[in-house]
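In: this one's structure only:
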Ligand code: CA
């Protein structure tokens, strides 16, 4: 799950990013409206946490632009108590939810989970499954029957992406974009290494699931 945080109060932005990373999200953080819109327009995010009062361009304008460009990434607006008007305006402009500052971590995480809740084979917010293989967020592991094995953070994120898009070829570019970000210098063979670790782990727990290679393109979960 990839989240964009757009917030000009740096301390708050960095704290948000820390909390999300600790909860297995991959996070990009930007501190002004222009970068916020630029990043959001890529459409690569599973959710956006968007402050309203921002230098460059405010959150409502960003939201309007996104929806005009048919980018439907779910948006959680951050509002100050005094910004009731903005809140209503924001919901009218296509925000999915809002959170009033200051907030507690538990509430933030619950809102983000609700925001990014996927369609598809979901057991609950901490588990996803595919053909009997369970990906467990709390344990950071994959489980099949009585067998389970720990995953590294990157392995977890790749597995999550595969399970969220089962039986579809995921191009390597998209995996890089989603997990490492645009500006990363991750190479295709880095992904191959993670995929081979994942394949080994899937076979260790004897799950009837395969990560197939689409030669020259990417991978699919079958
Ligand atoms: Ca602000």
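Out: All right, it came through fine. Just so it is clear, the model here is predicted, and its values are computed rather than measured. Residues are numbered from 1 along each chain as shown.

In: quick check: residues of this structure near the ion?
Out: When proximity is defined by C-beta under 5 Å from the ion, the chain lies next to the ion at 8, 51, 53. Backbone N, C-alpha and C define where each C-beta goes, glycine included.

In: can you tell me which of those residues lies closest to residue 111?
Out: residue 51 (14.2 Å; C-beta to C-beta).

In: what about that closest one, how many neighbours?
Out: By the measure other C-beta atoms under 10 Å, the count of residues near residue 51 is 25.

In: Provide a list of residues in contact with whichever residue of the chain sits closest to the ion.
Out: Residue nearest to the ion within the chain: residue 53 (4.0 Å; C-beta to the ion). If you count contacts by C-beta atoms under 8 Å, 6 or more residues apart in numbering, residue 53 has them with 8, 59, 80, 83.

In: from the residues you listed, list just the buried residues.
Out: 8, 59, 83 (16 or more other C-beta atoms under 10 Å).

In: I figured the first one hits residue 51, correct?
Out: Yes. Residue 8 is within contact range of residue 51, at 6.4 Å (criterion: C-beta atoms under 8 Å).

In: anything in contact with each of those two?
Out: Common neighbours of residue 8 and residue 51 (C-beta under 8 Å, 6+ apart) do not exist.

In: name the SS class of residue 174, please.
Out: Following DSSP: H, G, I helix; E, B strand; the rest coil, residue 174 is assigned to helix.

In: report the contact partners of the closest residue to it other than its chain neighbours.
Out: Nearest non-adjacent residue to residue 174, counting by C-beta to C-beta, 6 or more residues apart in numbering: residue 218, 7.1 Å away. Counting by C-beta under 8 Å, 6+ apart, residue 218 makes contact with 169, 170, 171, 172, 173, 174, 175.

In: what about 10 Å?
Out: 168, 169, 170, 171, 172, 173, 174, 175, 188, 191, 195, 212 (C-beta atoms under 10 Å, 6 or more residues apart in numbering).

In: how about residue 98?
Out: Listed by C-beta under 10 Å, 6+ apart, the contact partners of residue 98 are 50, 52, 75-79, 83, 86-88, 90-91, 111.

In: could you flag which of the residues you listed are buried?
Out: 50, 52, 75, 76, 77, 78, 79, 83, 86, 87, 90, 111.

In: would you mind measuring from the third one to residue 96?
Out: From residue 75 across to residue 96, the span is 6 Å (C-beta to C-beta, to the nearest Å).

In: overlap in contacts, those two.
Out: With C-beta under 10 Å, 6+ apart as the test, residue 75 and residue 96 both reach 47, 48, 90, 115.

In: my read: the last one touches residue 3, true?
Out: In other words, residue 115. Yes. Residue 115 lies in contact with residue 3 (C-beta atoms under 10 Å); the separation is 8.8 Å.

In: neighbour count winner among the two?
Out: residue 3 (25 against 20).

In: still on that earlier bit, how about the contacts of residue 218, which pair is most distant?
Out: 168 and 188 (18.7 Å).

In: lowest-confidence one in the buried ones among the contacts of residue 98?
Out: Within the buried ones among the contacts of residue 98, residue 83 has the lowest pLDDT, namely 70.

In: redo the buried ones among the contacts of residue 53 as JSON lines? Include secondary structure and distance to residue 207.
Out: Output for the buried ones among the contacts of residue 53, formatted as JSON lines (DSSP: H, G, I helix; E, B strand; the rest coil; distance: C-beta to C-beta, whole Å):
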{"residue": "8", "secondary structure": "coil", "distance to residue 207": "45"}
{"residue": "59", "secondary structure": "helix", "distance to residue 207": "43"}
{"residue": "83", "secondary structure": "coil", "distance to residue 207": "48"}
